[in-house]
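**Student:** build me a model from this:
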Amino acid sequence: MSDAMNGQSSSPIAASQPADEPAYTADGSTPRERCAALGIDWMDNAPPVETQAVALIDADVAVRLRVVPLRRAQGRLVVAMVDPLDIAAADEVAALTAHPITRVGLEPTAFAELLKEHFGTTAARMAESLAGEADERTDLEHNLDAIEADDIHRMAEQPTLINLVNLLLLEAIQSRTSDVHIEPFENELKVKYRIDGELVEQPPPPKHLQPALIGRIKIMSGMNIAERYIPQDGHITLRFEGRKVDIRVSTVPTLYGESVVMRILDKSALPLDLVSLGMGEDMRNEMDRLIAKPHGMVLVTGPTGSGKTTTLYAALSKLYDPRKKIITIEDPVEYELAGINQMPVNPKRGLTFASGLRSILRQDPDVIFVGEIRDGETADIAIRSALTGHLIFSTLHTNDAISSIGRLTDMGAEPYLVASVIEGVLAQRLGRRVCPECREQVPMPEDIEHRLSAEEKALFNGQVWRGRGCKQCNESGHYGRIGYFELLRISPALRKAISENRPAGELADLAEASFRTMREDGMHKASQGLSTIEEVMRATQDTEEAGV
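**Tutor:** Got it, this is the predicted structure:
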């Protein structure tokens with residue numbers, strides 16, 4: 001049965017699989033091969049479509065379930081699907097249309113064209129059509145406070161408004177958006193998607209939809225729709241193709257209404273291996289040696305949004321072994337990791353990083369992941385846990401790897417204890433990748449050349465990589481993100497200097513000869529056509545200021 005039939009119909013939307021990638025089943029076969037084995041028809045070209053059949057479902061349903069009704073025949077509805085083995089999707093279409101379903105497989109590219117032809121509705125088009133429904137006699141733009149909660153609830157339950165929010169989320173997920181920002185201003189309502197770390201403004205919905213649009217999001221995320229003057233937090237769980245997409249929602253009151261940010265957590269888009277994150281082979285080997293330690297502390301540092309948690313998730317996934325007890329304490333738990341016990345902090349109930357870490361130690365763990373070391377108490381417990389035979393992973397907010405040592409001692413940790421437990425520190429930043437489909441080499445611009453050292457210029461030989469712009473990258477020249485890393489391994493000489501509380505400059509001089517800064521790592525990647533010089537300098541400029 002489908003999720004809707006099981007009573008789990010809270011806007012079940014998630015990203016659809018790219019049209020050019022075949023879906024593989026658990027045994028490694030493609031849907032085409034499985035369909036042949038089960039006697040289900042498969043087509044390579046788009047078939048004709050009856051208007052009456054395609055009108056039986058809405059655009060957001062067709063895009064979400066990847067289904068296009070073709071025709072009605074002998075009391076049944078024939079539907080084209082990229083994956084005809086998706087029984088839950090077929091069940092949901094049957095329930096929505098009140099027709100028994102006959103499934104037909106369709107080649108992904110042909111399906112994408114068929115879907116676009118018959119369900120080309122976008123959030124922008126839908127918002128534009130709704131713009132005409134505004135009552136010019138009302139001045140909602142300047143009287144939002146006068147709207148009663150019951151009226152907002154009624155507007156937010158309108159089918160067209162529900163479909164608009166559904167399409168907003170669907171398009172965001174499909175475009176690899178990490179955050180959706182809805183920002184109210186005096187005469188307009190802005191919608192922005194953060195794609196590859198950059199905010200991209202979308203066609204704005206009409207201002208008069210603001211109360212209903214924000215009200216609908218608050219209903220979906222379990223917030224108090226009547227409270228508009230204090231910040232609120234909530235979450236939305238979306239289901240699609242058997243997988244779950246979580247969306248963390250935050251609202252804050254502003255001068256012209258509530259500003260909403262929705263952070264999309266799609267585990268299927270999370271690269272849980274260090275290769276996908278862009279870490280080089282030598283550094284991966286060093287990381288493998290660090291995470292294989294029986295005890296000690298490994299830190300990952302960087303500012304918010306630099307991918308620290310993703311890197312540690314990748315390390316934990318690699319480290320997972322049924323014979324080991326692995327527990328995490330996070331704020332919040334961003335992604336669920338199979339086989340790993342994950343605990344969210346809850347300050348309102350007294351569960352902080354420090355108190356949670358104390359309780360975790362009574363669970364006899366082998367490996368502990370502390371989401372962030374924020375204070376001296378957490379640092380002290382984490383260090384003593386590492387001293388007593390546990391492997392501790394955690395994050396810090398510092399500009400570079402060396403600075404993390406000073407941050408721990410600033411929190412009150414004894415230098416000799418830090419020196420005893422610390423095994424390695426990984427610092428990182430994220431930059432945008434050059435689109436692999438449209439990248440090309442061009443002469444190095446003069447304004448870039450004078451900002452490079454002689455060693456850096458030698459890497460490029462006067463040529464740099466650029467993305468020309470194409471359909472895949474939405475004409476931006478960038479597609480996805482890549483990490484710039486520096487890994488500080490604690491040598492005996494460095495350990496001795498840490499115990500003596502030497503300054504950061506002296507510690508940096510004692511780093512191993514193989515140590516490479518984030519800027520150096522990024523420049524090598526830019527020379528290989530994986531990123532651009534501008535991205536490297538933008539992402540690592542704070543490390544230059546720190547004297548790295």
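
**Student:** pull stretch 265-272 out as CSV, backbone CA atoms only.
**Tutor:** Coordinates of the C-alpha atoms in stretch 265-272 are reproduced here as CSV (Å, rounded to 0.1, in the frame of the first residue of the first chain):
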residue,chain,number,x,y,z
LEU,A,265,18.2,16.9,4.4
ASP,A,266,18.1,14.4,1.6
LYS,A,267,20.2,11.4,2.6
SER,A,268,20.2,10.1,-0.9
ALA,A,269,22.2,13.2,-2.0
LEU,A,270,24.7,12.9,0.9
PRO,A,271,28.1,11.6,-0.2
LEU,A,272,29.0,9.2,2.6
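
**Student:** packing partners for the helix ranked longest in the chain?
**Tutor:** Using DSSP state H to define each element, the chain has its longest helix at helix 159-174. With contacts taken as 3 or more C-beta pairs under 8 Å, 6 or more residues apart in numbering; DSSP states H and E, helix 159-174 sits against helix 59-65, helix 123-131, strand 177-184, helix 210-220, strand 257-266. Where C-beta positions appear, they are placed from N, C-alpha and C, glycine not excepted.

**Student:** those: lowest mean pLDDT?
**Tutor:** Across the helices and strands packed on helix 159-174, helix 123-131 has the smallest mean pLDDT, namely a mean of 62.

**Student:** show me what the closest residue in space to residue 235 that isn't next to it in sequence is bridged to.
**Tutor:** Leaving aside its sequence neighbours, residue 235 sits nearest to residue 248 (C-beta to C-beta, 6 or more residues apart in numbering; 5.3 Å). Beta-bridge pairing for residue 248 (DSSP bridges): residue 235, residue 263.

**Student:** measure residue 351 to residue 436 for me?
**Tutor:** Using C-beta to C-beta, to the nearest Å, residue 351 is found at 44 Å from residue 436.

**Student:** I misspoke; the intended subject was residue 506.
**Tutor:** Separation of residue 506 from residue 436 (C-beta to C-beta): 42 Å.

**Student:** that's a helix at residue 441, yeah?
**Tutor:** No. Under the criterion used here (DSSP: H, G, I helix; E, B strand; the rest coil), residue 441 is strand, not part of a helix.

**Student:** count of residues packed around the nearest residue to it once chain neighbours are set aside?
**Tutor:** Spatially, and ignoring its direct neighbours in sequence, residue 441 is nearest to residue 463 (4.5 Å; C-beta to C-beta, 6+ apart). Using other C-beta atoms under 10 Å, residue 463 has 12 other residues around it.

**Student:** residue 463 against residue 444, yeah?
**Tutor:** Yes. Here residue 463 reaches residue 444: they are 6.5 Å apart, a contact under C-beta atoms under 8 Å.

**Student:** pretty sure residue 187 contacts residue 204?
**Tutor:** No. Residue 187 is beyond contact range of residue 204, at 10.4 Å (criterion: C-beta under 8 Å).

**Student:** higher neighbour count, the two?
**Tutor:** More crowded of residue 187 and residue 204, by other C-beta under 10 Å: residue 204, with 18 against 9.

**Student:** tell me the contacts of the more buried one?
**Tutor:** Counting by C-beta atoms under 8 Å, 6 or more residues apart in numbering, residue 204 touches 127, 188-191.

**Student:** format those residues as CSV; extra columns: neighbour count and secondary structure.
**Tutor:** Shown next, in CSV, are these (neighbours: other C-beta atoms under 10 Å; DSSP: H, G, I helix; E, B strand; the rest coil):
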residue, neighbour count, secondary structure
127, 21, helix
188, 14, coil
189, 21, strand
190, 15, strand
191, 21, strand
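
**Student:** mean confidence score for the longest helix of the chain?
**Tutor:** Average pLDDT, helix 159-174: 80.

**Student:** so residue 434 makes contact with residue 528?
**Tutor:** No. With contacts counted by C-beta under 8 Å, residue 434 stays clear of residue 528, the gap being 9.7 Å.

**Student:** tell me where the stretch 201-350 of the chain has strands.
**Tutor:** Under the criterion DSSP state E, counting those that start in this stretch, strands of the stretch 201-350 of the chain are mapped to 232-240, 243-254, 257-266, 296-301, 326-330, 341-344.

**Student:** so the second one versus strand 177-184, what angle?
**Tutor:** Note on geometry: by axes from the mean of the first three to the mean of the last three C-alpha atoms, to 10 degrees, strand 243-254 and strand 177-184 are set 30 degrees apart in direction.

**Student:** in strand 243-254, which residues are buried?
**Tutor:** Going by neighbour count (16 or more other C-beta atoms under 10 Å), the buried part of strand 243-254 is 244-251.

**Student:** tell me which of these is nearest to residue 266?
**Tutor:** Here the nearest of those to residue 266, counting by C-beta to C-beta, is residue 245; it sits at 4.8 Å.

**Student:** what about that closest one, distance to residue 262?
**Tutor:** Computed as C-beta to C-beta, the residue 245 to residue 262 distance reads 11 Å.

**Student:** now residue 384
**Tutor:** 39 Å.

**Student:** now do residue 484
**Tutor:** Between residue 484 and residue 262 the computed distance is 28 Å (C-beta to C-beta).

**Student:** and residue 167, by the same measure?
**Tutor:** Distance, residue 167 to residue 262, by C-beta to C-beta: 14 Å.

**Student:** correct me if wrong: residue 542 contacts residue 399.
**Tutor:** Yes. Assessed by C-beta under 8 Å, residue 542 is found in contact with residue 399 at 5.2 Å.

**Student:** hey, what's in contact with both of the two?
**Tutor:** Common neighbours of residue 542 and residue 399 (criterion: C-beta under 8 Å, 6+ apart): residue 303.

**Student:** neighbour-wise, which of these two wins?
**Tutor:** Using other C-beta under 10 Å, the more surrounded residue of residue 542 and residue 399 is residue 399, with 22 against 14.

**Student:** pLDDT score for that one?
**Tutor:** pLDDT for residue 399: 91.

**Student:** over to it. Which of the three states is it?
**Tutor:** coil.

**Student:** how about residue 451?
**Tutor:** Assignment for residue 451 (three-state DSSP): coil.

**Student:** could you pull up the contacting residues of it?
**Tutor:** Counted by C-beta under 8 Å, 6+ apart, residue 451 has contacts residue 537.

**Student:** wouldn't residue 481 be in contact with residue 196 here?
**Tutor:** Yes. Counting by C-beta under 8 Å, residue 481 does reach residue 196; the two are 5.4 Å apart.

**Student:** residue 434 and residue 528: who's more crowded?
**Tutor:** Between residue 434 and residue 528, counting by other C-beta under 10 Å, residue 434 is the more crowded of the two (28 against 11).
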